[in-house]
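In: Have a look at this fold, sequence not included:
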């Protein structure tokens, strides 16, 4: 699926987990377009959980739930980012939550590309009561290929967050929060005073706006920065349960706004 608006071109891969494979502005690619397995490229939706669930296990209303541990020993990023989505229109997709999730539900995703912005919407419809968090995992390039010799200067990330969840010795998010620590990060933040902003000096500035109130930032690689809006923290089933009753919906939006520099 391809959408064009002004100098922006968007490529969506329904067959690869309903992800955005590519976003180019004036021919400059902003995303990592390939990587190891399904986890480390593009921008993909996460549902019905985001991040890691410790040991892939949790209790829900007296039921002991064991998920597939696709990131041993934990379960990672939900059940929809590795499976093909159904194409419902020129800019809309849908999928069920699959056999890897023991509660029935349906997920829809839409895309709206404008000359200076991209808005993506997720909507989870719960057929059965379930715990649920949804969000996205974009892999932005740290340096851009601009057509000039060499790569751009590395992107600078401004994250105006006032709180960060503390991770334990296993790297799993806990319920405790603290003031943000120094980078590098593989952490979940909340209580933001504004949208995160990526700036590639002299080339492009991009803000990531979202209705989500939690943000995971992963900036430990030389080639990529991940800025991930989600409706709750990793391991939410333990530290901050969020429940949809049968017939209820959970919605989220993510908007990237950009402007050229220089």
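Out: The structure has been received and is ready for your questions. What you see is a predicted model, and the numbers here were worked out from it, not measured in a lab.
In: do you know how far residue 88 is from residue 31?
Out: Using CB to CB, to the nearest Å, one gets 23 Å for the distance from residue 88 to residue 31. No exception for glycine: its C-beta is placed from N, CA and C like everyone else's.
In: Out of those two, name the residue with the larger neighbour count.
Out: residue 31 (21 against 13; other CB atoms under 10 Å).
In: show me what contacts that one?
Out: Neighbouring residues of residue 31 by CB atoms under 8 Å, 6 or more residues apart in numbering: 20, 21, 22, 23, 41, 42, 43, 138, 139, 140, 141.
In: Now tabulate these in CSV and tack on distance to residue 247 and secondary structure.
Out: Shown next, in CSV, are the contacts of residue 31 (distance: CB to CB, whole Å; DSSP: H, G, I helix; E, B strand; the rest coil):
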residue, distance to residue 247, secondary structure
20, 30, strand
21, 34, strand
22, 37, strand
23, 35, strand
41, 36, coil
42, 32, coil
43, 30, strand
138, 31, strand
139, 35, strand
140, 37, strand
141, 41, strand
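In: Buried ones only from the residues you listed, please, as a PyMOL command.
Out: Selection of buried members from the contacts of residue 31 for PyMOL, criterion 16 or more other CB atoms under 10 Å:
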select buried, resi 20+21+22+23+41+42+43+138+139+140+141
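In: Redo the contacts of residue 31 as CSV? Include distance to residue 162 and pLDDT.
Out: Listed next are the contacts of residue 31 as CSV, based on distance: CB to CB, whole Å; pLDDT from 0 to 100:
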residue, distance to residue 162, pLDDT
20, 29, 98
21, 34, 98
22, 34, 98
23, 29, 98
41, 31, 98
42, 30, 98
43, 26, 98
138, 23, 98
139, 26, 98
140, 23, 98
141, 28, 98
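In: So which of the contacts of residue 31 is the closest to residue 239?
Out: The shortest gap between residue 239 and any of the contacts of residue 31 belongs to residue 138, at 23.8 Å (CB to CB).
In: Quick check: nearest residue in space to the closest one, chain neighbours excluded?
Out: Of all residues not flanking residue 138 in the chain, residue 43 sits nearest, at 3.7 Å (CB to CB, 6 or more residues apart in numbering).
In: my guess is that neighbour contacts residue 141, does it?
Out: No - the criterion here is CB atoms under 8 Å, and residue 43 misses it with residue 141 at 11.7 Å.
In: before we move on, the earlier item: any idea how far residue 196 is from the residue nearest to residue 138?
Out: For residue 43, the distance to residue 196 - CB to CB - is 14 Å.
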